[in-house]
Structures are given as C-alpha cells and as structure tokens.
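Participant: Model the structure of this input:
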Amino acid sequence: MRPDPQRVIFRIINLALSRRAIDCGEGEVDIASLASFGGVGEGRIRNILSSSDSELEKIGQSITARSAAAWLKGRKKYFVSIWQMPDEVAPTAPSPDFVDEVIFLPQAADGSYFHPGLIRAGSCRQARPSFSSMRPA
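Facilitator: Presented below is the predicted three-dimensional model:
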C-alpha cells in the first residue's frame with residue numbers, strides 16, 4: 001500500500017514549519033513533528049501534555065516553540081540546526097581513538113556474537129563466546 005502523496009507533502013511541510021519555529025524560538029510546533037524530532041511516539045507527547053507538571057506549553061492542538069526547544073535539548077535523538085553555530089565552529093564527527101586493528105563482530109538479537117571461532121565443519125554454530133578467549137581489539 002502506497003502512502004497518499006498529499007499526506008506526505010503535508011507532513012513534510014509541517015516538519016519544516018515546526019523545525020523553523022523551534023530554531024527561531026517563536027511560533028507553534030505540531031505534536032507529530034515534535035514526536036518525530038524527539039524520537040518518541042505521539043502518544044508519549046500527549047502523555048507529557050496531560051501531566052500536571054509538563055514542561056511543554058500547549059496552545060490549541062500545538063505546542064509553543066520555546067517549550068518544545070527546551071524539551072528537545074534533553075533528547076538524545078535531537079540535533080540542533082547546524083546553521084545556528086558560529087562560522088568559526090566547524091562541526092566535527094567524533095574521532096575514535098583506536099590504536100590497533102579493530103574488528104567489528106555482528107551481534108544476534110539474543111546478544112550472542114558471530115566470530116570465526118564458531119565455524120565448525122564449514123558452517124557456523126551459534127554460541128555465546130567466552131570473552132577471555134578472544135584477543136582484544
């Protein structure tokens with residue numbers, strides 16, 4: 001089933017308008033956009049709004065941009081807009097400090113690791129390896 005193009009365009013417009021309101025600190029942010037920016041569901045935002053000690057200020061069916069910005073500052077999934085940084089501050093990616101060869105091991109949903117020690121007779125068996133027998137990365 002394909003999404004309705006009109007709804008997708010409407011959603012993108014709401015996201016852009018809400019992001020602009022947050023960046024400028026004035027205006028309103030719709031609930032769906034705030035949920036998306038914060039990495040939570042709309043239900044979570046509605047629960048926060050219904051709380052007596054909510055830090056989010058509601059205006060009709062929207063939230064004030066200032067309160068949304070304050071709430072988003074504490075969210076891991078939210079990134080401030082890069083255009084707000086001073087020109088002399090260039091964004092940098094985190095630099096890993098690896099001194100030796102690094103090997104990334106795929107991990108199964110149950111937490112076990114796949115590594116060369118699991119190969120038996122040409123096939124891989126799944127078992128939780130002993131970390132003491134693995135050489136450090």
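Participant: okay, and for this structure, where does confidence drop off?
Facilitator: Low-confidence segments of the chain, defined by pLDDT under 70: 84-106, 109, 113-137.
Participant: and with 50 instead?
Facilitator: 127, 129-130 (pLDDT under 50).
Participant: and residue 13, what helix or strand is that in?
Facilitator: In the assignment (DSSP states H and E), residue 13 maps to helix 5-24.
Participant: List the buried residues of that helix.
Facilitator: Within helix 5-24, the residues that count as buried by 16 or more other CB atoms under 10 Å are 14, 15, 18, 19, 21, 22. C-beta: built from backbone N, CA, C; applies to glycine.
Participant: Can you lay out these as CSV showing distance to residue 73?
Facilitator: Shown next, in CSV, are the buried residues of helix 5-24 (distance: CB to CB, whole Å):
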residue, distance to residue 73
14, 21
15, 19
18, 16
19, 15
21, 15
22, 10
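Participant: quick one: contacts of the helix holding residue 13?
Facilitator: 27-30, 32-34, 36-37, 65, 68-69, 72, 81, 83-84 (CB atoms under 8 Å, 6 or more residues apart in numbering).
Participant: Quick check on those: which are buried?
Facilitator: 27, 28, 29, 30, 33, 34, 36, 37, 65, 68, 69, 72.
Participant: quick one: which two of those residues are the most distant?
Facilitator: Using CB to CB, the pair of the buried ones among the contacts of helix 5-24 lying farthest apart is 27 and 36, separated by 16.8 Å.
Participant: Go ahead and confirm residue 61 touches residue 32.
Facilitator: No - under the criterion of CB atoms under 8 Å, residue 61 is not in contact with residue 32, lying 10.2 Å apart.
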